[in-house]
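Participant: Sequence and predicted structure are below.
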Amino acid sequence: MTRLPAFSFAFLALTALAACSQGLTEEDVEARAELRAREMMEEMRAAESERTAAAPATGMSQETQSSRLQQVRERGAVLCASNNGIPGFGFIDDSGNNVGFDIDLCRAVAAAVLGDPNAIRIQVISPMEMGATIQSGEVDMLVRTVTASTSREAQWGNFTVPMYYDGQGFIVHRELGITSALDMEGASVCVAQGTTTELNLQDFSNLHDLDIQAKTFDDTDVAVFSYLGEQCDAFTTDHSGLFAYRSGFDDPDDHVILPETISEEPLAPAVPHGDERWYDIVKTVMGIIIYAEAYGVTSDSVPTAKTGDSAVDRMFGLEGSFGQESIGLSKTVAQDVIRAVGSYGELYERHLGSGGIGIAREDEGRNALWSAAPCADCPKGGQIYSVPLR
Amino acid sequence: MSTVNTLLTYEGIPIWRHVRVIQWMLQIVSAIVIVALLAWFFTNIGNAVQDRDIPFGFTFLDREYQTPIGEHFIPYDSSDTFRYAMFVAVTNTLLVAVLGVIAATALGVVIGVARLSSNWILSKVALVYIEFFRNVPLLVQLLFWLFIVLALPPVRRGFEIADSIYINNAGISFPGPNSGGSFSMTLIWVAMIALGIALGVVAHKLLSKRELVSGRASYPVAAGFAVAAGVAALSWLALAAVGDAPMIVTSPEPAGRFGRIAGGVTIRAGLLILLIGLVIYTAAFIAEIVRAGIQSVGRGQVEAARAMGLSPMQALRHVTFPQALRVIIPPLISQCLNLTKNSSLGGAVGYTDLTNVGITMTQTAPAVSIFLLIMLAYLAMSLAWSVTGNLYNRYISFERR
């Protein structure tokens, strides 16, 4: 009985917490966030008008400089939140370097703003930390196979250009003879606790009346191991992850990755809210990588003298401008970027395609370019696209 | 009043050195410190929640959960609410806790007694068991059992005994009551079984007393079991006659394209692994508690019992153990609490316990609110064990002289 006071005290404290929390509902929080966003907008607008008012007097140009760009240049490195555990996107290679598609996107930005692709610092984070890391603005960029979505755009930061279209899929044992996810009636599926993986699985099962039995694990590796031990008929995660895991299996040919994707996962680098210029910079660098492939330019064939194709010459700073200097980049920024990391096609091939984890890149597949060159009659039919460099 | 007067007229040592004043001051100071700390803690949480727009609130409880729960023992559908899904998760954890505590106590007592056996091999085996399983982290042991179970053949190539028992790495299936019948009928039946057990206990009590008084063999244990089983069987027949049978006994058999076992009772791998791991781990601690309890009983007690002609087993059962229980019960309760709390590792081996479901819930609902509820649920379960254990402890210490 002597313990009773202590218990009742703890209980009272918890009830009190629950009671005051009741006052602060989710709606309240949303309303408050909206109010704060509006206040920030007003502050920014006020600052903007001050600046434009001051500009004619001092003779300064109307361009606003990116404060983050200044920070990055003073620091001498681009800080990227990424990963070291996903083959193809960001992982430690045999010689101990962190390499991958995501890492190269960070290197491209470093090449653009600092002229040195190696001037990067990678902060390895877990999926749980993604929101807080980019919200706080402690990193310049979040490139960690992160799916863009409207609510994340509202809460986390701004998403730039989708650089890979992913989606949740299934891998099954070949001996089952399944070729479509729709054949999985009554199957047991191993799943790791992910952002919305289980939710998508349930939606898919309900939609097609498949009665799929989910087997949920805390840890992805244990879930994969259970799948390999045939405790489950299938394993589900994002397609890119399925290919990455299969590339590590002892007998990859005994497993089939089903063609269906059951969710939309456009992976796009994100930047913190509140610095539009920095957002423009990262977006432009992604555009450069994409258009290099469209124009057939690779890291070995970066033009340094006029080619006669004015679109190519404009992109590589040999003629005119596509606005690169207005956002604080050098005239020949595209040369630096492509020399450092190569075009989108090269990047894909090196990390995700046959040189990497083996995700075939088909014409008209989602991760093909929209068009081979900016012309009307040569579309590739994919979804990789950026606004024109003009 | 007299205290105040005493203090006012007191002319000896200074007032601040008066023992009662010091005691009171200490109480007041510690109360202030505790209240201030708690206030700081909760204001801090409140501020952080506001500053970072961390969603908080309990409106989500009425929303549809829309996410699978891998294993559940009461009906669950993805269109059920968060509130109900959380209840399902609590029943999952409770199942592990109750089964685990019963099995771990039984195993622990056997090993504790074996540890004190005069049989050298038995005693050393028990010693090795205790030292090994007590000193390896539980999570490592659980993963070990997971890998052992995974080494069994998969469901399509699993062992099959007499067309009715299936053993494979997805679990063990055997003929038994399947929840094919109506759920409300099943609930009524479970209530009837509880009543039967209560009646059985009463019968056991009465017959034991009769045996003690009259000296005639009255078979209290057998009678108790017979009463409980009889009530269960009769109520099943009665319910089946009234409407749907509460539980229908079926045989398991492979079904569907994937050959998953349907029908009968299946103990799925996740539950099996978690139970094996928790029971073996906790039993090692319980064995030590039992050993200490038995050794706390004076040697003279055993010698006296033997001198009166009791066999070693009878001496243990009627003389040593009842006295040891008083020492055993309090630490045993804390092992029950540990087992219940350790079941939160279920997610590591694919069992949807309360914590595992809670983590999944945070993907679609406010994490802080969910974990507050989960903490309260574990607190409630732990307090329930404590209360039960303390009541039992009071009951057995009643005859102390």
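Facilitator: Right, received. Where do you want to start?

Participant: Do you know the pLDDT at the residue of the stretch 51-200 of chain A at minimum distance from chain B?
Facilitator: Using Cβ to the nearest Cβ, residue A:186 is the residue of the stretch 51-200 of chain A that sits closest to chain B, at 4.1 Å. Heads up, the C-betas are built off the backbone N, CA and C, glycines and all. At residue A:186, the predicted lDDT confidence score is 86.

Participant: likewise residue B:202?
Facilitator: 90.

Participant: Ok, residue B:396 next?
Facilitator: So residue B:396 comes in at 77 (pLDDT).

Participant: So what's the residue count around the closest residue to it other than its chain neighbours?
Facilitator: Once flanking residues are discounted, residue B:396 sits nearest to residue B:325: 5.3 Å by Cβ to Cβ, 6 or more residues apart in numbering or on different chains. Neighbour count for residue B:325, taken as other Cβ atoms under 10 Å in any protein chain shown: 18.

Participant: Show me what the helix or strand residue B:325 falls within is packed up against.
Facilitator: For residue B:325, the host element (DSSP states H and E) is helix B:321-342. Packing partners of helix B:321-342 (3 or more Cβ pairs under 8 Å, 6 or more residues apart in numbering or on different chains; DSSP states H and E): helix B:82-115, helix B:269-295, helix B:367-396.

Participant: would a markdown table of these with mean neighbour count be doable?
Facilitator: Formatted as a markdown table, the helices and strands packed on helix B:321-342 follow (neighbours: other Cβ atoms under 10 Å in any protein chain shown):
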| stretch | mean neighbour count |
| --- | --- |
| helix B:82-115 | 20 |
| helix B:269-295 | 23 |
| helix B:367-396 | 16 |
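
Participant: And the contacts of the next helix or strand after the helix holding residue B:325?
Facilitator: Using DSSP H and E, the next helix or strand after helix B:321-342 towards the C-terminus is helix B:354-361. Applying Cβ atoms under 8 Å, 6 or more residues apart in numbering or on different chains, the external contacts of helix B:354-361 come out as A:193, A:198, A:216, A:218, B:65, B:67, B:69, B:82, B:85-86, B:88-90, B:92-93, B:343-344, B:346-347, B:370-371, B:373-374, B:377-378.

Participant: picking that back up, roughly how far does the residue nearest to residue B:396 sit from residue B:306?
Facilitator: 20 Å (Cβ to Cβ, to the nearest Å).

Participant: One more: residue A:185?
Facilitator: 67 Å.

Participant: In contact with the closest residue to chain A within the stretch 301-401 of chain B, which residues are there?
Facilitator: Going by Cβ to the nearest Cβ, chain A is nearest to residue B:347 of the stretch 301-401 of chain B, at 3.9 Å. If you count contacts by Cβ under 8 Å, 6+ apart, residue B:347 has them with A:193, A:216-218, B:353, B:355-356, B:359.

Participant: buried stuff in stretch B:347-363?
Facilitator: Under the neighbour-count criterion of 16 or more other Cβ atoms under 10 Å in any protein chain shown, stretch B:347-363 has B:347-361 buried.

Participant: Pull the most distant pair out of the residues you listed.
Facilitator: B:349 and B:361 (19.6 Å; Cβ to Cβ).

Participant: Strands of the stretch 1-150 of chain B, start to end?
Facilitator: With DSSP state E, counting those that start in this stretch as the definition, the stretch 1-150 of chain B shows no strands.

Participant: Residue numbers of it in contact with chain A?
Facilitator: B:38, B:42, B:45-46, B:49-50, B:52-60, B:66-68, B:70, B:78, B:143, B:146-147, B:149-150 (Cβ under 8 Å from any Cβ of the partner chain).

Participant: Would you mind checking the residues you listed for buried ones?
Facilitator: Using 16+ other Cβ under 10 Å, the buried members of those are B:38, B:42, B:45-46, B:49-50, B:53, B:55-58, B:60, B:66-68, B:70, B:78, B:143, B:146, B:149-150.

Participant: Then residue A:330 would be within a strand, right?
Facilitator: No: assessed with DSSP: H, G, I helix; E, B strand; the rest coil, residue A:330 is coil; it does not lie in a strand.

Participant: on that earlier part again, among the buried ones among the residues of the stretch 1-150 of chain B next to chain A, which are located in helices?
Facilitator: B:38, B:42, B:45-46, B:49-50, B:143, B:146, B:149-150 (DSSP state H).

Participant: Contact partners for residue A:231?
Facilitator: Per Cβ under 8 Å, 6+ apart, neighbours of residue A:231: A:188, A:190, A:215, B:149-150, B:154, B:169-170, B:269, B:350.

Participant: Turn the residues you listed into a markdown table, including distance to residue B:225.
Facilitator: Output for those, formatted as a markdown table (distance: Cβ to Cβ, whole Å):
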| residue | distance to residue B:225 |
| --- | --- |
| A:188 | 38 |
| A:190 | 42 |
| A:215 | 37 |
| B:149 | 33 |
| B:150 | 38 |
| B:154 | 39 |
| B:169 | 35 |
| B:170 | 33 |
| B:269 | 32 |
| B:350 | 36 |
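
Participant: Does the residue of the stretch 51-200 of chain A closest to chain B touch residue A:210 like I think?
Facilitator: Yes: with contact defined as Cβ atoms under 8 Å, residue A:186 reaches residue A:210; the gap is 7.4 Å.

Participant: right, and residue A:166 touches residue A:240 too?
Facilitator: Yes: applying Cβ under 8 Å as the test, residue A:166 and residue A:240 come out as touching, 5.0 Å apart.

Participant: shared neighbours of those two, which are they?
Facilitator: A:145, A:267.

Participant: who in the stretch 51-200 of chain A is up against chain B?
Facilitator: A:135, A:155, A:176, A:183, A:185-188, A:190, A:193-196, A:198-199.

Participant: What's the per-residue pLDDT of residue A:58 here?
Facilitator: 38.

Participant: same check, this time on residue A:96
Facilitator: pLDDT, read off for residue A:96, is 90.

Participant: Now do whatever residue of the stretch 251-390 of chain A ends up closest to chain B: how many residues are near it, please.
Facilitator: Residue nearest to chain B within the stretch 251-390 of chain A: residue A:273 (12.2 Å; Cβ to the nearest Cβ). Residue A:273 has 18 neighbours, counted by other Cβ under 10 Å.

Participant: quick one, what contacts it?
Facilitator: For residue A:273, counting by Cβ under 8 Å, 6+ apart, the contacting residues are A:135, A:137, A:156-158.

Participant: Take these and keep only those in helices.
Facilitator: residue A:135.

Participant: Could I get the full set of strands for the stretch 51-200 of chain A?
Facilitator: A:78-82, A:85-86, A:90-92, A:98-99, A:120-124, A:141-142, A:157-159, A:164-166, A:168-173, A:188-192.

Participant: buried sites along the fifth one?
Facilitator: So that's strand A:120-124. Buried residues in strand A:120-124 (16+ other Cβ under 10 Å): A:120, A:122.

Participant: That one - contacts with which helices or strands?
Facilitator: strand A:78-82, helix A:101-114.
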